[in-house]
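Colleague: compute the structure for the input listed below.
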Amino acid sequence: MSITKSTQYGNINISIDAIATLAGGLVSECYGVVGMASQKLVKDGIAELLKKENYSRGVVVREKDGQLELDLYIIVSHGIKISEVVLEVQKKVKYMMEKSLELDFNVINVYVQGVKAMK
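Modeller: Take a look at the predicted model:
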């Protein structure tokens, strides 16, 4: 599946996987985020920390009523206010995705899958 956008020069097709990878890269740059987590909790309720090449596994992209929705699964750093980290992730991802892709993102849901203490 892909998102199609028409311009005066022709059509642009953006794959869902490309959108998910871009969103994952943006999330990993946010302060307080240790990394992306898998959508599914691994055995015993422990979240798997994803590497750069697998960021798209921690992002779900949906199209609903012509608007795009993102679900982001993250792991945050211990000792930082989670609500502030989540708010910053939402603001940064919404701004950068809309600026980069020129598409409207209606909802950006952030699911904190775990907290990790940094050494």
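Colleague: which residues in the chain form helices?
Modeller: Secondary structure of the chain (DSSP state H): helices located at 16-28, 82-101.
Colleague: nearest spatial neighbour of residue 3, chain-adjacent residues omitted?
Modeller: Distances taken as C-beta to C-beta, 6 or more residues apart in numbering place residue 14 nearest to residue 3, at 4.7 Å, with adjacent residues excluded. All C-beta atoms are positioned from the backbone trio N, CA, C, and that covers glycine.
Colleague: chain center to the helix or strand of the chain with the lowest mean pLDDT, what's the gap?
Modeller: Ranked by mean pLDDT, DSSP states H and E, the weakest helix or strand in the chain is strand 2-7, scoring a mean of 83. Averaging C-alpha positions (C-alpha atoms, centre = their mean, to the nearest Å) puts strand 2-7 20 Å from its chain's average.
Colleague: from the helices of the chain, which stretch is densest packed?
Modeller: Comparing the helices of the chain by mean neighbour count (mean count of other C-beta atoms under 10 Å), helix 16-28 ranks first with a mean of 19.
Colleague: mind listing residues that contact that helix?
Modeller: With contact meaning C-beta atoms under 8 Å, 6 or more residues apart in numbering, helix 16-28 is reached by 1-3, 33, 35-36, 50, 52, 55-56, 58-61, 68, 70, 72, 74, 89, 92-93, 96-97, 100-101.
Colleague: cheers, nothing more for now.
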